[in-house]
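Chemist: how would this look folded up:
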Amino acid sequence: MNPAALRSLFGKSSLRIAVLGLVAAGILGVVLMQRGPYPAFMPEMAAKPVMLPGGRAFYAQRHEITIAEWNRCAAEGACELTLRPRPNQDPAITPATGLSYVDVLQYVHWINDKTRSSFRLPTAEEWSAMAASVLPEAPDPLFTDAALTWASSYLIEGLTPRALKPQGSFSTSPEGIVDLDGSVWEWTMDCYDSASSGAASERCPAFFVGGEHLAAMSFLVRDPARGGCAVGTPPAHLGMRLVSDKAI
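Modeler: Modelled structure (predicted):
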């Protein structure tokens with residue numbers, strides 16, 4: 001409709017109000033679109049759910065979070081840490097590592113805000129369940145003397161390669177979850193101290209990480225070589241993988 005026709009319908013004052021209303025509606029529409037979910041940020045989930053012994057199912061991310069995925073969070077200021085890949089690493093397929101528990105919570109909050117979803121870290125039980133088919137069974141100890149348990153651990157553990165490799169370098173579970181047996185150990189949401197002291201997660205000093213074996217790491221640790229591993233050999237790298245209670 002041309003301006004003359006609009007003036008004949010509304011008059012000058014009414015036309016001004018109508019135009020302002022249309023502008024406001026357009027701005028509101030843009031704002032609403034910006035607050036909607038961003039499908040491009042939705043992580044790729046494994047093809048099949050993981051079934052727990054009690055019959056409950058959950059859904060796991062196919063790959064660990066990559067450097068490229070992580071740095072989108074950092075670019076928006078939601079993640080404080082920016083990761084810099086080495087010259088021989090492709091950030092699109094290299095797992096994001098050097099992450100503390102504080103770091104990974106920032107990413108979880110950001111991705112949920114972006115996708116309007118309810119992603120979270122797995123529990124220690126869930127991590128063990130999804131990795132059971134690709135991790136080797138724990139070997140029998142080399143020594144029966146309890147005082148030599150440490151010697152058994154260091155001689156029969158540490159079989160996983162410690163070099164950081166691109167995604168797809170290790171096994172794939174029947175559900176389609178990749179690299180659970182790789183060199184990246186993944187944070188879980190379970191507090192190491194909660195069983196004995198009942199500590200709430202917001203006051204927990206250490207959390208379980210899943211890898212060659214379950215270990216406990218201080219929530220501030222980014223470099224496992226500087227952190228405290230509860231049992232066995234220390235993790236090589238600390239990263240993360242998302243799970244969800246419903247299909248995405």
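
Chemist: switch to C-alpha atoms for all contacts and neighbour counts from now on
Modeler: Noted.

Chemist: confirm Y59 sits in a helix?
Modeler: No - looking at Y59 with DSSP: H, G, I helix; E, B strand; the rest coil, it is strand, so not inside a helix.

Chemist: give me the neighbour count for it.
Modeler: Number of residues near Y59 (other C-alpha atoms under 10 Å) recorded here: 25.

Chemist: surely it is in contact with R241?
Modeler: No - using C-alpha atoms under 8 Å, Y59 is not in contact with R241, being 10.9 Å away.

Chemist: and D190, how many neighbours?
Modeler: 21.

Chemist: just checking, it touches T123?
Modeler: Yes - D190 lies in contact with T123 (C-alpha under 8 Å); the separation is 5.5 Å.

Chemist: make sure M217 is indeed in a helix.
Modeler: No - M217 is assigned strand when assessed by three-state DSSP, not a helix.

Chemist: wait, it sits on D193?
Modeler: No - judged on C-alpha under 8 Å, M217 makes no contact with D193 at a distance of 10.9 Å.

Chemist: what's near enough to touch V102?
Modeler: The neighbourhood of V102, defined by C-alpha atoms under 8 Å, 6 or more residues apart in numbering, consists of 219-220.

Chemist: how about the helices in the protein?
Modeler: Ranges of helices in the chain, per DSSP state H, are 3-35, 67-75, 101-115, 124-131, 149-156, 194-197.

Chemist: what helices and strands are in contact with the fourth one?
Modeler: In this case it means helix 124-131. With contacts taken as 3 or more C-alpha pairs under 8 Å, 6 or more residues apart in numbering; DSSP states H and E, helix 124-131 sits against strand 50-51, strand 184-191, strand 206-210.

Chemist: right, and those - which one's nearest A75?
Modeler: Among the helices and strands packed on helix 124-131, strand 184-191 comes nearest to A75, with 22.5 Å by C-alpha to C-alpha.

Chemist: what is the burial count for the nearest residue to M130 once chain neighbours are set aside?
Modeler: Spatial nearest neighbour of M130, excluding adjacent residues (C-alpha to C-alpha, 6 or more residues apart in numbering): V50 at 6.2 Å. Counted with other C-alpha under 10 Å, the neighbours of V50 add up to 23.

Chemist: one more: M189?
Modeler: So M189, with other C-alpha under 10 Å, has 16 neighbours.

Chemist: give the contact list for it.
Modeler: Contacts of M189 by C-alpha under 8 Å, 6+ apart are 121-124, 201, 207-208.

Chemist: point out the least confident one among those residues.
Modeler: Among these, S201 carries the lowest pLDDT, at 64.

Chemist: gap between Q61 and L135?
Modeler: 18 Å (C-alpha to C-alpha, to the nearest Å).

Chemist: what of Y192?
Modeler: 22 Å.

Chemist: thinking again about what came up before, quick one: closest of the helices and strands packed on helix 124-131 to G77.
Modeler: strand 184-191 (21.8 Å).

Chemist: tell me the mean pLDDT for that closest one?
Modeler: Rounded mean pLDDT across strand 184-191 is 96.

Chemist: ok, back up a step: M217 and D193 - which one has more neighbours?
Modeler: M217 (28 against 18).

Chemist: can you give me the neighbour number for the nearest residue to the more buried one once chain neighbours are set aside?
Modeler: Sequence neighbours aside, A206 is the residue nearest to M217 in space, at 5.1 Å (criterion: C-alpha to C-alpha, 6+ apart). Residues near A206, counting by other C-alpha under 10 Å, number 23.
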